[in-house]
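>>> whatever this is, show me its structure:
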Amino acid sequence: MKKDISTPEIDDFDYALLNLLQKDGRATNVKIANSLNLSETPCWRRLKRLEEHGIIKGYHANLNRYLLGFDILAFVQVFSERHTDDSLYQFEQAVKEIPEILSCHNITGDADYLLQIVTKNLDTYEKLLRKVIRRLPGVTSIKTSISLREIKDSKELPLTNI
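Below is the predicted model of the structure:
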């Protein structure tokens, strides 16, 4: 979600609150308030304001994909044949329904999209590629890069109040 005129001003307390939540999404209002040296009610109001404005989109568990058996992480460049609004919309809607696709980005350069995909192993990746990805609307070709080793995996934004 892009910032617009309805986005509230973010102050030092908000940045500190957001940083705390990025590190511990299960932190209680009491813990956050104590960390920020605020009383609980103003802290709760700030949290609710950030949620209502969509700055906080939700709360999620950060799962270890390896321990759950998802050994393959692939980055897939997708090339499209048609660049009509309808064709691109159909592709984007189809991608949203495939659970193995963690993220999809419309990108610059030669490819049209970059997908981040997880699967259990190379066999399941190959089947997903053959039976699903190559059959998505408008796809003419793909180029896959398999991650050999994950150096950094973070969803934390580099929040600072400059």
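
>>> look up how far residue 32 lies from the spatially most central residue of the chain.
Residue closest to the mean C-alpha point of the chain, counted by Cα atoms, centre = their mean, is residue 103 at 6.0 Å. Counting by Cβ to Cβ, to the nearest Å, the separation of residue 103 from residue 32 is 28 Å. C-betas here are computed from N, CA, C, even on glycine.

>>> list the buried ones in stretch 93-110?
94, 95, 100, 101, 104 (16 or more other Cβ atoms under 10 Å).

>>> what lies in contact with the host helix or strand of the second one?
Meaning residue 95. Using DSSP states H and E, residue 95 sits in helix 85-96. For helix 85-96, contacts defined as Cβ atoms under 8 Å, 6 or more residues apart in numbering pick out 78, 80-82, 101, 104, 106, 112-113, 115, 136-139.

>>> any regions of this structure where pLDDT drops low?
Filtered on pLDDT under 70, the chain yields the residue ranges 1-5, 161-162.

>>> how does the chain divide into domains?
12-52, 72-146 (automatic domain parsing).

>>> next, the distance between the ends of the first one.
What it means is domain 12-52. 19 Å (Cα to Cα, to the nearest Å).

>>> re earlier: can you list the domains of the chain in TSV and add distance to residue 153?
As requested, the domains of the chain are exported to TSV (distance: least, Cβ to Cβ, whole Å):
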stretch	distance to residue 153
domain 12-52	14
domain 72-146	9
